[in-house]
Structures are given as structure tokens and as C-alpha cells.
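In: Starting from these lines, generate the structure:
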Amino acid sequence: MTLLCLLCLPSLPSLAGVRLGNSGIALEWDDSCRLTGVRVGKHTLTPASRQRRILYCPQKPDSTPAIVTDADGTVFPDPKYRYVVASWQQNLTSVSLNKAGQSLYYTPSSVRKNPDGSLSFFYKDENMLVREDWSFDAEYGTDIVVRISLTAGRGGWYSIVSPSLAVWDKEDFEWAAVPGICQGRSFNPDFIRAAGYGQGIPEVPMVFRERTATAPMAYINGSNGVTQAVIAEPGTARHPWLKDCKTHAKWCLGLSLMNREGEFTPTLCHPVLGEDGSYLEQGGSISFSFRYTLVEDGWFSVLKHSAQDIYKLEKGTALKKTRCSLTDRIFRMHDYLVSDKTSRWRSCEYGGMTIAAQDYLGGVYGAQKDAMKNSDYGAMWMLARLSADTLLLHRRLPYALNFRLAQQCLEEGFFKGSSAGQYFLWKSGSFTEEWGPYTEPVATTYYMLMDLGNIMLFEDDREDLKDRLRFAADCLLGWMKPDGSWEVAYDNESGKPLFTDLKDLRPTFYGLLVAWKILGDGKYLDAASKGALWYVRNAVEKGHFIGVCGDTRFSPDFAAVQAVEALLEMYEADGNPYWKEAAIRAARLYTTSIYTYPEPTCELKNVKGRERADWEISQVGLGFEHGGVFGSANHHGPILLASHAGLFVRLAALTSDSYFLQLARAAVKARDAFVDWNTGVASYYWDAMDNGPGAFPHHAWWQIGWIMDYLVAEASCMSDGRIDFPAGFMTPKVGPHRCYGFAPGTINGKKVNLILKKGLVSLSTPEIDYLTAEDSDKLYVILLNTSGAAVQLGVKVEGKAERTVRVKDVKVLEYDK
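Out: Numbering: from 1, shown residues only. Okay, the predicted model is just below:
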């Protein structure tokens with residue numbers, strides 16, 4: 001065997017103990033270079049017993065996945081969930097389960113204290129030469145920056161693991177997370193629920209992939225109030241589009257909440273064993289840079305520190321320049337939607353009436369390329385009202401309403417009042433759910449109560465719709481369990497509960513709140529309160545969620561942010577501050593579903609044959625359809641449907657926390673690279689770039705809905721409430737955005753009506769978004785500058801032949817939140 005012979009170290013004296021410290025943090029090593037003391041403020045933490053290791057494997061690690069069975073002995077997941085099987089299996093390899101190769105433990109043989117106060121540790125044996133450089137960050141005194149360099153003494157696969165600093169009590173901690181993948185305040189012995197659904201911390205020291213980690217970090221918040229995090233330095237984790245192709249799923253960084261020995265301590269590794277960059281010939285070298293953040297504060301401050309300070313959230317957003325304002329996108333999507341051909345509008349006869357919806361070309365249970373679906377009923381009625389479009393009013397809305405009415409089960413029995421399924425199959429003439437013959441209580445909340453509720457805000461004289469809404473509310477009320485929860489689903493034939501391994505950790509209770517607001521019966525508000533209380537205690541307080549997409553077996557998704565809006569509306573309904581506090585807590589949790597790295601730059605990339613700046617295709621600010629280890633974000637990346645944006649603007653005003661506003665603007669600003677220029681419709685998944693609506697033409701309604709919600713929220717918050725329009729209910733099922741226009745709003749106390757008239761207003765720059773409103777004799781143009789800098793522009797208003805248009809007043813409303 002050839003030993004490491006040309007790689008030698010200078011003779012350095014071992015110090016009789018060394019210390020790296022400042023006024024808030026102190027790390028102490030004994031004379032054998034073992035960490036013996038960790039202090040953060042007044043708190044003394046327990047050092048790990050196994051502190052330093054390099055992972056090594058002489059052969060490339062086996063990638064065969066382990067087989068995992070559920071409690072009943074069946075393999076998880078069922079093969080029919082074809083969209084999630086591959087992602088799940090990729091997280092069951094020996095590398096992911098932290099079993100690959102061997103741990104090469106080491107303790108430095110010498111240490112040098114440098115003139116600038118930093119420390120350099122050194123180690124060598126026949127396997128490797130290691131140097132560690134530790135120093136405080138020059139700007140952030142809470143951060144200790146570490147760079148580890150390794151030179152191989154023999155060929156093989158190597159992975160540098162961040163040294164284990166402090167260890168935490170698994171039975172006594174406040175919170176822990178790998179953001180976007182798993183979270184909670186306790187360990188969960190149920191591997192599928194913990195690793196698959198992110199419900200608590202897995203008892204296995206898993207190494208997660210960064211493709212759905214929304215920040216390149218792991219953190220633990222102890223019961224003593226101290227948070228310890230380890231954050232990868234910029235440039236370490238994968239870039240989703242490195243040069244000229246998608247590299248979103250490339251595995252460069254491993255993330256864990258335990259070291260291999262099972263000690264509870266946040267841990268990163270790079271490169272990942274067996275992945276690119278991990279193979280070294282003898283004499284080859286690799287390095288890994290990261291930082292420990294240690295604060296006497298909660299986890300949320302550390303998450304924000306990573307996004308705002310390390311990955312420069314606002315700086316990245318400031319680079320963006322758009323070609324088209326959000327307002328003008330609405331007009332282009334309007335044109336797209338009123339064309340039967342481009343929007344794939346289809347009419348059918350069913351139950352003695354004409355129903356209509358848009359073709360849906362994605363996967364649906366029992367479909368033969370014949371599924372139909374409508375999405376955002378609030379947006380449909382809103383656009384028709386604000387634009388006064390007679391085509392929408394007379395040729396779209398009546399038949400879309402018929403679609404919902406036909407969708408409701410009216411036969412006496414267990415399912416009366418419920419939704420028969422969100423899709424209609426025109427070849428077989430039947431309604432169906434997305435992935436099986438079952439009925440979900442949350443679907444009744446969505447398609448009966450929320451949709452009919454929004455319609456009734458615009459058509460409040462429809463007594464027949466009140467009856468339908470009451471049927472749905474009574475059905476949902478009848479299905480509620482004594483503890484305030486619901487089943488995930490019922491089999492359509494037997495009525496027996498399905499998916500009993502999961503709890504309905506979704507805001508199903510919101511439907512009863514809608515029923516109370518429309519019908520005024522107190523029993524619905526009482527039941528909504530009971531359901532909301534169960535949800536807060538079982539979902540928000542534990543960090544346990546499931547989603548609403550059956551094709552991914554309810555992987556956690558945007559239903560979690562709908563709960564934020566639902567809880568805020570509970571607070572508005574009864575004034576109980578408990579709901580407000582729970583909503584803010586849930587909102588902070590949802591920020592971990594939004595990508596905050598890598599920092600956008602001006603570097604040019606080749607994107608499907610077109611040159612684009614890196615910031616144009618950035619994932620920062622965008623959230624999941626569903627994340628975790630088997631959601632769609634594993635392969636497709638995030639989605640462009642930024643339904644959370646308006647809510648986040650409102651949360652910034654509510655909490656005085658600008659982080660919500662920064663995330664909202666990062667999500668919405670200058671997303672032209674994803675927009676089909678002819679239709680104004682953005683692609684759904686990030687990796688589709690500018691392919692347009694594709695198989696999802698109904699998404700245009702959701703996009704109009706979230707854009708209007710965001711613009712109205714910005715106007716209200718910028719004006720400190722002096723511009724205000726009443727909001728409707730949330731829409732199924734992509735997030736918390738709401739509709740407007742069913743009732744007048746106010747501008748400086750004067751009643752006005754929102755309007756959307758194409759060509760009425762034109763601006764000289766697309767950097768400014770705008771809204772328009774009118775009263776009996778005035779037009780109001782609301783200009784929204786979200787750039788953070790002064791913008792010069794010209795405004796052109798088209799007048800009618802019989803009416804002269806002149807500017808009467810201009811008011812600049814400052815906003816510094």
C-alpha cells in the first residue's frame with residue numbers, strides 16, 4: 001500500500017487548550033484538540049461525543065433503495081402513485097440512510113492561532129490530510145465560518161462532514177428542521193410519516209437532498225431559547241440551472257439533523273458520497289465551507305438570517321427588470337380566456353343542462369384524455385364584473401355555475417351535499433376525483449362552499465344557491481368527528497374511511513366559516529372554531545401537514561398557507577387573538593416552503609437555446625406545489641403560481657416584518673422568462689420555463705386571481721389602509737388568494753368600484769403596476785412602485801368621445817415597511 005508521502009505539515013506546537021470567542025459565543029478545545037466547551041450568551045451547551053468524521057468508501061456506494069412497508073405490511077407507496085415512487089426511492093439509498101461507506105474519525109494533532117484571532121487545525125494519517133480554518137464572520141458576530149480542506153491519501157469516494165458542535169436532548173427541544181423537508185418539535189418513530197410527509201424528525205439520521213431544501217441549512221432550537229444552525233456557504237449547494245441545462249436535482253449538499261452516530265445536532269456534508277466531486281485519486285483534494293450560527297433567539301430569526309444576510313434576498317430582487325406589468329398580463333390572459341380555442345373551453349350536456357369547463361390534459365383517475373375542470377370561480381366572476389365583458393357574463397359564467405351545481409351530490413344519504421369530484425369526464429359522463437373513486441371532505445369545502453360562496457358574493461339574491469351551500473355545510477358538519485377533525489377521504493361505494501394512516505391536516509374547517517358568513521347560522525361558526533382548534537393543535541403546533549393533491553398521495557403542499565388565511569379570517573370573525581397568533585406561527589412555517597437560494601446574479605445562461613440572465617430564471621421567492629422527499633418539486637422545481645404573495649404583503653403589514661414583503665416581491669417580480677408572450681399565461685412548473693399553459697389551461701384563472709390579490713394588497717399596505725377593497729373567500733386549491741369587485745371599496749374614505757378596462761390606461765414603463773377604480777364622475781389610477789427606487793414614467797388615459805379626461809389630483813403615498 002502506498003502511503004501519503006508528499007503531503008506533509010510544518011511542525012506546529014500543540015497548544016494547551018485554545019478558545020475562539022467573542023462577547024456572545026465561546027468555543028473551547030482542550031490540549032488534545034477536542035471541543036470541550038460551547039457557550040452562547042449565558043447558556044452552556046453540551047459538546048458532541050463524536051465530533052469529527054470524514055465519510056469514505058473505496059467503491060461507489062450502492063444506489064439500490066431499501067424497501068419500506070407501512071403498518072399493514074404493504075410497500076409504500078402503492079405503485080399507482082407513479083409520480084412519487086422514484087423520488088421516494090432515491091431517498092432510501094445507503095447514502096440517504098447514512099449507512100454508506102465508513103466514518104474516518106479524526107482529532108486534529110495540532111492547532112495554530114492566527115494573528116487575526118482565527119484558528120487552524122491540522123490532521124494527517126495514511127488516509128487523508130485535513131485542515132480546518134475557524135473564524136468569526138467579520139459582519140455577523142453570531143456566525144463562525146469554517147473551511148475544511150481534505151487531500152486524499154488513497155483513491156476512493158470522500159465526503160466532508162461538518163464537525164458536530166453541540167448536541168441537544170431529543171426529548172426536550174422547541175423546534176428542529178431541514179427547511180422544506182422535515183420539521184417539528186419531536187421525533188416521530190413512524191418513518192413514513194416523518195421522512196415522507198415531514199411530520200416530525202425521523203429517528204434515522206437521514207441525509208436529505210437539497211433539491212427541496214428551501215435554505216441550505218439545518219437548525220435546532222432548544223428549549224433554553226438557543227438556536228444552533230449550520231448553513232452552507234454560497235456556491236456549495238446545487239444551482240438549479242448551472243449553465244445550459246436543468247441541474248435542479250443535482251446532489252451537492254447533504255442535510256441532516258443528526259450525525260451518523262445518532263447524536264441530535266445539525267449536520268451538513270459536501271460533496272455527497274458517490275456524487276459528483278466526491279471521487280478522489282490519491283493526492284486529489286476537496287473543500288467545504290459553511291458556517292455555524294448560534295443565537296439566543298428562535299429558529300425564524302436564523303432562517304431569515306440565511307435568506308437576507310447570507311443569500312442576499314433583497315439584492316437579488318433589485319436586479320430584476322420586467323418587460324410586462326402584472327396588470328397588462330391580466331389583460332392578455334383575459335384575451336386568451338375568452339377564446340374557446342386557446343382556452344380549450346368545452347360544453348357538454350349533463351343532467352338536463354349545459355355544463356362547461358376547460359379541458360384538463362394532466363393525469364386523472366379513469367380519464368381518456370377527456371377530463372374537464374374549472375379552477376378559480378372567484379376570479380371568473382371578478383373579471384366578468386370588473387371588465388363588464390358580455391361574453392364572460394353570458395357565455396361563460398352560467399355554464400360554469402351549472403358545472404358546479406351538477407358536481408354536487410343531491411341524493412339522500414351519506415354523501416348528500418358533497419362534491420362528486422373536481423373533474424368531469426365527458427366521454428363517460430361522470431364526475432371523479434383526481435386519483436381514485438373516493439370523496440374528500442376538503443373537496444366539499446373547496447368546490448361547494450368556497451366556490452359557491454364566492455359566486456354568492458356577486459349574486460347575493462340567489463336563494464337557490466343558498467340551499468345548495470346549506471346542503472354542503474350540513475354534509476361537512478355531519479362528517480366532523482367529535483374532536484373537530486375529519487377523515488381524509490371516504491370510499492364512494494362503501495362510505496368507509498380511506499387513507500387512515502393520515503390525519504386530515506388541512507384547513508377543512510374553512511368551509512364552515514364560509515357557510516357562517518353567507519348563511520349567518522351560528523352553528524357553522526361554532527363548528528368552524530372547533531375544527532380550527534383541532535387544526536392548530538395537531539398541525540400548526542406540531543408542524544405536521546398534508547396536501548390536497550391525490551396524485552402525490554397528499555404530499556404537504558400549499559394547503560398549509562391556505563390555513564394561514566383561514567385562521568386570520570377566524571380572527572376577524574370572533575376577535576379571538578389565539579387565531580391571529582396561530583396564523584402568524586403557521587405563516588412562519590410556510591416560509592420554509594419558499595426557495596431562498598442561490599442568490600440571483602447577472603451571469604448569462606443558455607436556457608433552451610435562448611440567452612437569459614441568472615436572475616430571470618431564479619427560484620428565489622417561489623414556493624412548492626408540494627415539496628418534501630417525494631413532492632413534484634423534487635423534479636420540476638417550484639411553481640410560478642404565487643398565490644401566497646398577496647397574503648404575505650398583508651402579513652408584512654400585520655407583523656411589521658419585512659421578510660414577508662421581500663418574499664412576496666421576489667416571487668412576483670419580473671417572471672417574464674416563464675410567461676408565454678402571446679397569452680400572458682405563465683408556466684406552472686419552474687422547469688417548463690416559458691412553455692405557457694400546456695396541459696393546464698385553467699391555470700390562467702388562478703393567475704388572474706393571485707395577481708389581483710397581490711396588487712390590491714400592495715395598494716392597501718402602501719397606503720396604510722387608505723386604499724381598501726373588500727375581499728372574498730379563498731379559491732380552491734392552490735393557495736390563499738382572494739377575489740374582489742363584488743362590493744365597493746374606498747380611496748381616502750370615498751366609495752369607489754374597481755374596474756379593469758383594457759386600453760383605458762397605458763404607462764411608459766412596465767416597471768410600474770397599476771389598478772383603476774371609478775366613482776360616478778372620477779377615474780382613479782393607482783400606481784404601484786415596488787422597486788424600492790424612484791421611477792420616472794408617463795401615464796396616458798384614454799377618454800370617451802363625450803367625456804374629457806383631465807388629471808384632477810395626484811397623491812404620493814409613502815410606504816417604508
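In: After the longest helix belonging to the chain, which helix or strand is next?
Out: For the chain, the helix that runs over the most residues, judged by DSSP state H, is helix 699-718. As assigned by DSSP states H and E, the chain's next helix or strand after helix 699-718 is strand 723-724.
In: Paired strands for the helix or strand that that next one is followed by, with orientation please.
Out: For strand 723-724, the succeeding helix or strand toward the C-terminus, using DSSP H and E, is strand 745-747. For strand 745-747, sheet partners with direction are given as strand 723-724 (antiparallel), strand 750-755 (antiparallel), following DSSP bridges.
In: What average pLDDT does strand 745-747 get?
Out: With pLDDT averaged residue by residue, strand 745-747 scores 98.
In: in stretch 106-126, what's buried?
Out: Going by neighbour count (16 or more other CB atoms under 10 Å), the buried part of stretch 106-126 is Tyr106, Pro108, Ser109, Ser110, Val111, Arg112, Leu119, Ser120, Phe121, Phe122, Tyr123, Lys124. Bear in mind the C-beta positions are built from the backbone N, C-alpha and C, glycine included.
In: And stretch 28-47, by the same measure?
Out: By neighbour count, with 16+ other CB under 10 Å as the criterion, the buried positions of stretch 28-47 are Glu28, Trp29, Cys33, Arg34, Leu35, Gly37, Val38, Arg39, Val40, Gly41, Leu45, Pro47.
In: Then stretch 140-153?
Out: Applying a neighbour-count criterion of 16+ other CB under 10 Å, the buried positions in stretch 140-153 are Thr142, Asp143, Ile144, Val145, Val146, Arg147, Ile148, Leu150, Thr151, Ala152, Gly153.
In: And for stretch 218-227?
Out: By neighbour count, and taking 16+ other CB under 10 Å as the criterion, the buried residues in stretch 218-227 are Ala218, Tyr219, Ile220, Asn221, Gly222, Asn224, Val226, Thr227.
In: Could you check the angle the longest helix of the chain makes with strand 750-755?
Out: Here helix 699-718 points in a direction 160 degrees away from that of strand 750-755 (axes from the mean of the first three to the mean of the last three CA atoms, to 10 degrees).
In: Mind checking the pLDDT average for helix 699-718?
Out: 97.
In: Stretch 786-799 too?
Out: For stretch 786-799, mean pLDDT is 87.
In: By mean pLDDT, which helix or strand of the protein comes out lowest?
Out: Among the helices and strands of the chain, strand 795-797 carries the lowest confidence by mean pLDDT, DSSP states H and E, at a mean of 92.
In: Neighbouring strands of it in the sheet, and parallel or not?
Out: The sheet places strand 795-797 alongside strand 761-763 (antiparallel), with pairing taken from DSSP bridges.
In: quick one, strands of the stretch 251-400 of the chain?
Out: Assigned by DSSP state E, counting those that start in this stretch, the strands in the stretch 251-400 of the chain fall at 254-258, 264-270, 279-280, 285-295, 345-350, 353-360, 371-373.
In: Name the residues that touch the last one?
Out: So that's strand 371-373. The contact list for strand 371-373 (CB atoms under 8 Å, 6 or more residues apart in numbering) reads 346, 348, 357-362, 364, 403, 422-426, 698.
In: Show me what counts as buried in it.
Out: Within strand 371-373, the residues that count as buried by 16+ other CB under 10 Å are Ala371, Met372, Lys373.
In: Given it, what are its sheet partners and their directions?
Out: The partner list of strand 371-373 in its sheet, established with DSSP bridges, is strand 353-360 (antiparallel), strand 423-425 (antiparallel).
In: who wins for proximity to Asp501 among the ones you listed?
Out: Shortest separation from Asp501 across the strands paired with strand 371-373 is recorded for strand 423-425, at 25.0 Å, computed as CB to CB.
In: Need the mean per-residue confidence for the closest one.
Out: Averaging pLDDT along strand 423-425 gives 96.
In: which element follows that strand toward the C-terminus?
Out: Proceeding N to C from strand 423-425, the next assigned helix or strand is strand 430-432, under DSSP H and E.
In: so what does that next one touch, helix or strand wise?
Out: If contacts are counted by 3 or more CB pairs under 8 Å, 6 or more residues apart in numbering; DSSP states H and E, strand 430-432 sits against strand 423-425.
In: gap between the strand it packs on and the chain center?
Out: On the basis of CA atoms, centre = their mean, to the nearest Å, the separation between the geometric centre of strand 423-425 and that of its chain is 28 Å.
In: Likewise for stretch 283-298?
Out: Between the mean C-alpha location of stretch 283-298 and the chain-wide mean there is a distance of 25 Å, by CA atoms, centre = their mean.
In: Surely Lys113 and Trp29 touch.
Out: No: distance between Lys113 and Trp29: 10.9 Å, which falls outside the contact criterion (CB atoms under 8 Å).
In: Any chance you could list residues touching both of these two?
Out: Listed contacts common to Lys113 and Trp29 are Val18; contacts here mean CB under 8 Å, 6+ apart.
In: okay but His698 is in contact with Ala379, surely?
Out: No: counting by CB under 8 Å, His698 sits too far from Ala379 to count as a contact (10.3 Å).
In: Of these two, which one has the most company?
Out: Neighbours were tallied for His698 and for Ala379 using other CB atoms under 10 Å; the higher tally belongs to Ala379 (29 against 20).
In: Count residues in the vicinity of the closest residue to the more buried one other than its chain neighbours, would you?
Out: Leaving aside its sequence neighbours, Ala379 sits nearest to Gly705 (CB to CB, 6 or more residues apart in numbering; 3.5 Å). Neighbour count of Gly705, defined by other CB under 10 Å: 32.
In: what's the distance between Gly705 and Ile768?
Out: Distance of Gly705 to Ile768, computed by CB to CB, to the nearest Å: 21 Å.
In: about what we covered before: for the residue nearest to Ala379, list the residues it contacts.
Out: For Gly705, the contacting residues are Asp376, Gly378, Ala379, Met382, Ser643, Thr731, His737, Arg738, Cys739, taking CB under 8 Å, 6+ apart as the criterion.
In: Which two of those residues have the greatest separation?
Out: Farthest apart among the contacts of Gly705 by CB to CB are Met382 and Ser643. That separation is 14.7 Å.
In: What is the neighbour count of Tyr279?
Out: Residues within reach of Tyr279, counting by other CB under 10 Å, total 18.
In: May I see the buried residues of stretch 577-589?
Out: Neighbour-count burial for stretch 577-589, with 16+ other CB under 10 Å as criterion, is recorded at Trp579, Lys580, Ala582, Ala583, Ile584, Arg585, Ala586, Ala587, Arg588, Leu589.
In: now stretch 386-400: how far from the chain's centre is it?
Out: Centre-to-centre, stretch 386-400 and its host chain are 33 Å apart (CA atoms, centre = their mean).
In: ugh, wrong one, stretch 39-48
Out: Relative to the centre of its chain, stretch 39-48 is centred 33 Å away, using CA atoms, centre = their mean.
In: In contact with Tyr81, which residues?
Out: Residues counted as contacts of Tyr81 (CB under 8 Å, 6+ apart) are Trp435, Asp551, Thr552, Arg553.
In: out of those residues, which are inside helices?
Out: Secondary structure from DSSP H places none of the contacts of Tyr81 in helices.
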